[in-house]
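# My questions concern the predicted model and sequence given below.
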Amino acid sequence: MEDTVCVTLTLTRIEACRLLDNARLLQVAQFKKHWDDERFGSIPITERRAALYAAIPAMSAQQQLIRVLACSIWAKNRR
């Protein structure tokens, strides 16, 4: 069983949007850095994203952060 950490955070809308922007920029940079790495080059493109997330836990965590922030901002805007 994995160790897990639950984080509760309260941000202003501006802080959340800026954090989301930064997280997306970091994610893009990580994909650019690792996409053509030798160890991932033989993996089909359709499966490469999942392989990157599995091999690089920080990228997986970054994706979770992006998803949570985007959903929270969208839900707040729908009210």
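Done, it's in.
# ok, residue 78 to residue 18 distance?
Per Cβ to Cβ, to the nearest Å, residue 78 is found 20 Å from residue 18. Just so you know, the C-beta spots here come from the backbone N, C-alpha and C atoms, and that holds for glycine as well.
# Neighbour count: the two, which is higher?
Higher neighbour count among residue 78 and residue 18: residue 18, with 12 against 6, using other Cβ atoms under 10 Å.
# got the buried residues for the strand or helix carrying the more buried one?
Under the criterion DSSP states H and E, the helix or strand holding residue 18 is helix 13-34. Within helix 13-34, the residues that qualify as buried are 16, 19-20, 23, 30, 34, counting by 16 or more other Cβ atoms under 10 Å.
# which helices and strands sit right next to that helix?
Under the contact criterion of 3 or more Cβ pairs under 8 Å, 6 or more residues apart in numbering; DSSP states H and E, the helices and strands touching helix 13-34 comprise helix 45-55, helix 57-78.
# ok, back up a step: quick one: least confident of the buried residues of helix 13-34?
By predicted confidence (pLDDT), the lowest-ranked of the buried residues of helix 13-34 is residue 34, with 92.
# re the thing from before, and the contacts of the helix holding residue 18?
Residues from elsewhere that reach helix 13-34, judged by Cβ atoms under 8 Å, 6 or more residues apart in numbering: 11, 40, 49, 52, 56, 58-59, 62-63, 65-66, 69-70, 72-73, 76.
# so where is this structure shaky, pLDDT-wise?
Low-confidence segments of the chain, defined by pLDDT under 70: 1, 79.
# Check the gap between the residue nearest to residue 69 when sequence neighbours are not counted and residue 48 for me.
Nearest non-adjacent residue to residue 69, counting by Cβ to Cβ, 6 or more residues apart in numbering: residue 20, 4.2 Å away. Here residue 20 is placed at a distance of 24 Å from residue 48 (Cβ to Cβ).
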